[in-house]
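Q: sequence and predicted structure below; questions after.
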Amino acid sequence: MNNLGLFDRLFPPDRDSRSAILYDHREIVYAELRDETIRVAEVLNGLDIKREDRVAILLADSPEFIASFVAIISLGAIAVPINLALRREEQLFVLKDCGACAAIVEANVTKNLFEETDALSDLKDVLIVSRERDPRVAPIKRPNGQSFANANRRPLHSFSTIAQETADALPHGRATAPNDDAANGRATAPLDSEALADTRTTAPLDRDAFILYTSGSTGEPKGAVHSQADIFYTNETYCREVLNLRAGDRLFSSSRLPFAYGLGNAFTFPLLNGFTTILCREKPAPAVISEVFTDYRPTIFFGVPVVYRMLLEHHRNVAPLDTSSLRLCISAGEALPAQLGEEWEKTFAVPALDGIGSTEMLHMFMSNHDGEVRYGSSGKLLQGYQAQLVDHDGAATEMGEVGNLWIRGASAASRYWERAETTTQTFVDGWVRTGDLYRCDKDGFWWHMGRSDDCFKPTGQWVSPIEVESVLVRHEAVRAAAVVEGFDRDGLSYVCAFLVLTDGRDPDSVEREIRTLCESALPRFKQPRRYYFVSEFPYTATGKVQRFKLREQLRGERVAHQE
């Protein structure tokens, strides 16, 4: 088993009739998903996709996403998932940054994404996934009038149509796909499922297989380069130790497939182990998630803190949430506030296991465990990973002290794509510098103290935003809190709090109550001096607060006052 690639591990013959995907009120068994993967591989092979070519995936969570991801990797190319929730400019940035030569794209976003742009010089082919009965799509041209494809090739391809044409042209409708040919750099041998599985003999598990871009919570996204081996390691660590999958499990993730968290939750963990994933194309709003809970009965749910908050509000104010099928809930992306986790378990009698992972590490390396939960903490270090805390001078911290978290494990990315300097700063002698501040208590539980670039010293003493926020959200009127560094007219640092209140609450009266609360719970230098009341925070597509945008807002206000 250790030498088998992703295709082999996903599709052993004894799984053919098992339920792989529940999607759009349909059940897709493993045999159907395997056949679709082979058809996708043949389509890509027909476009002359070569080893190490980057192929972008701009698809909703769907069977086509999974089939495309597996097919690209199995051909020796590099898959680059891109989230549809990103702004057009961000999607184009990733396409250009990775140098994608082909892209598999939802029909309903294609025209807006590619019209009137000539910045993607490497992109030659665009495959369209149409979910309408008529898959035809109007031709899209560059501003200079040239198509994306070469002169003798159709400029756009209807994914479903070309896949069917390929299958119909083969004996018995059987798809073929390439195997590696060192002479010309592309796969040329006919390939059924057995032959596609045999790519393991020519595609080492530690070679570049896919690139996941960071969510941009601190600025410009970076592409973390991962291998198939990284996927298998997260399955042997987090999935085995924390999820402990069992017969009948159905996994549903509100975090999407293009991200490290969602990729494991909704794809590799359920399918590598022969279980069922629930996929949903729609944006995971509370009403949509509630419907999924009712219709598909998941046993494990994955979300981020803001989603858990919205679901609790939906349950209280809109309609009851049916969580009767759930045995576990998982949270990541940002630290889950203790109050929110406790409220979730009290309301639904299902634990919410908080953990921490990163795009660079592919998935979680710390987590709470079922039956061993300490709300407010990230849980314990998982088996198979090492961690160390260092101060700002690089020296190890004492037990219980706050330090910069460095992590080591075999799921780490090899580098950032085409970013040598940033790679050197983050990947150091086998360790990954996470940028997170942590402390570890005597029982082995790890406590997130914020991002190192979010912490600041207003009076020569460090303030961790997450510590202050944990006090602010104790007030019943506060839906969410975000603390950043502000500066007064003299350029001196102080604590500034942005608050989202529950509907109908008066900001002035709430501010007076919160100031009293902070006076009793925080030392003076950690107490916010100014409060800003906003309707919502700027979030990344993964649900992280973009604090840098809040800091930019304060800088803009300060400049305006100076003028």
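A: Nice, thanks for sending it over.

Q: dump the residue contacts of R87.
A: Going by C-beta atoms under 8 Å, 6 or more residues apart in numbering, R87 touches no other residue. Heads up, the C-betas are built off the backbone N, CA and C, glycines and all.

Q: and if we set it to 10 Å?
A: The contact partners of R87, by C-beta atoms under 10 Å, 6 or more residues apart in numbering, come to F93, A541.

Q: and if you look at the one 5 residues further on?
A: With contact set as C-beta under 10 Å, 6+ apart, L92 has these partners: I82, L86, L113, F114, T117, A119, L120, L123.

Q: looks like the third one contacts Q91 (just checking).
A: Yes. Proximity of L113 to Q91 meets the contact threshold set by C-beta atoms under 10 Å, at 6.2 Å.

Q: in helices only, show me the contacts of L92.
A: Taking DSSP state H, the ones among those that sit in helices are L113, F114.

Q: highest neighbour count among the contacts of L92?
A: The residue in the contacts of L92 with the most neighbours, by other C-beta atoms under 10 Å, is I82 (26 neighbours).

Q: measure it to H315 for me?
A: 33 Å (C-beta to C-beta, to the nearest Å).

Q: cool, R474 as well?
A: 20 Å.

Q: who has more neighbours, these two?
A: Taking neighbours as other C-beta under 10 Å, R474 and H315 compare with H315 leading, 18 against 15.

Q: chain neighbours aside, what residue packs nearest to that one?
A: L321 (4.2 Å; C-beta to C-beta, 6 or more residues apart in numbering).

Q: and that neighbour, its phi and psi?
A: For L321, the backbone dihedrals are phi -100, psi 130 (criterion: degrees, to the nearest 10).

Q: dump the residue contacts of it.
A: L321 is in contact with P286, I289, S290, F293, T294, L311, L312, H314, H315, T347, F348, counting by C-beta under 10 Å, 6+ apart.

Q: re the thing from before, and the two most separated of the contacts of L92?
A: Using C-beta to C-beta, the pair of the contacts of L92 lying farthest apart is L86 and L123, separated by 16.8 Å.

Q: quick one: low-confidence parts of the stretch 101-250 of the chain?
A: Applying pLDDT under 70 to the stretch 101-250 of the chain picks out residues 116-118, 132-203, 215-219.

Q: what is the distance between the host helix or strand of R39 and the centre of its chain?
A: Applying DSSP states H and E as the criterion places R39 in helix 30-46. Put simply, helix 30-46 sits 25 Å off its chain's centre (C-alpha atoms, centre = their mean, to the nearest Å).

Q: same check on stretch 223-241?
A: 14 Å.

Q: in it, what counts as buried?
A: 223-235, 237-240 (16 or more other C-beta atoms under 10 Å).

Q: likewise stretch 276-292?
A: T276, T277, I278, L279, C280, P284, P286, I289, S290, V292.

Q: and stretch 333-341, by the same measure?
A: G333, E334, A335, L336, P337, A338, L340, G341.

Q: gap between that stretch and the chain center?
A: Per C-alpha atoms, centre = their mean, the centroid offset for stretch 333-341 relative to its chain is 18 Å.

Q: do me a favour and get the end-to-end distance for it?
A: Terminal residues of stretch 333-341 lie 14 Å apart, using C-alpha to C-alpha, to the nearest Å.

Q: go on, stretch 244-258?
A: 24 Å.

Q: buried residues, that stretch. List them.
A: Here stretch 244-258 shows L245, D249, R250, L251, F252, S253, S254, S255, R256, L257, P258 as buried, counting by 16+ other C-beta under 10 Å.

Q: can you check stretch 416-433 too?
A: Neighbour-count burial for stretch 416-433 [16+ other C-beta under 10 Å]: Y416, W417, T423, T426, F427, W431, V432, R433.

Q: in JSON lines, list the contacts of L321 along with distance to E42 and secondary structure.
A: Output for the contacts of L321, formatted as JSON lines (distance: C-beta to C-beta, whole Å; DSSP: H, G, I helix; E, B strand; the rest coil):
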{"residue": "P286", "distance to E42": "40", "secondary structure": "helix"}
{"residue": "I289", "distance to E42": "36", "secondary structure": "helix"}
{"residue": "S290", "distance to E42": "39", "secondary structure": "helix"}
{"residue": "F293", "distance to E42": "37", "secondary structure": "helix"}
{"residue": "T294", "distance to E42": "38", "secondary structure": "helix"}
{"residue": "L311", "distance to E42": "42", "secondary structure": "helix"}
{"residue": "L312", "distance to E42": "47", "secondary structure": "helix"}
{"residue": "H314", "distance to E42": "44", "secondary structure": "helix"}
{"residue": "H315", "distance to E42": "47", "secondary structure": "helix"}
{"residue": "T347", "distance to E42": "49", "secondary structure": "helix"}
{"residue": "F348", "distance to E42": "46", "secondary structure": "helix"}
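
Q: ok, those residues vs P204, which is closest?
A: I289 (39.4 Å).

Q: what about stretch 360-368, average pLDDT?
A: Averaging pLDDT along stretch 360-368 yields 98.

Q: so can I have CSV of the contacts of L321 showing distance to E513?
A: Listed next are these as CSV, based on distance: C-beta to C-beta, whole Å:
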residue, distance to E513
P286, 28
I289, 32
S290, 32
F293, 35
T294, 38
L311, 26
L312, 22
H314, 26
H315, 25
T347, 24
F348, 29
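
Q: tabulate these (a markdown table), appending pLDDT and distance to T268.
A: Formatted as a markdown table, the contacts of L321 follow (pLDDT from 0 to 100; distance: C-beta to C-beta, whole Å):
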| residue | pLDDT | distance to T268 |
| --- | --- | --- |
| P286 | 96 | 26 |
| I289 | 98 | 21 |
| S290 | 98 | 26 |
| F293 | 98 | 23 |
| T294 | 97 | 26 |
| L311 | 97 | 25 |
| L312 | 95 | 29 |
| H314 | 96 | 29 |
| H315 | 97 | 30 |
| T347 | 98 | 30 |
| F348 | 98 | 27 |
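
Q: give me phi/psi at S452?
A: phi -60, psi -30.

Q: so for it, what's the pLDDT?
A: On the pLDDT scale, S452 is placed at 77.

Q: got the domain boundaries for the protein?
A: 6-203, 228-410+427-451, 465-562 (automatic domain parsing).

Q: before I go, just wanted to say thanks for your time.
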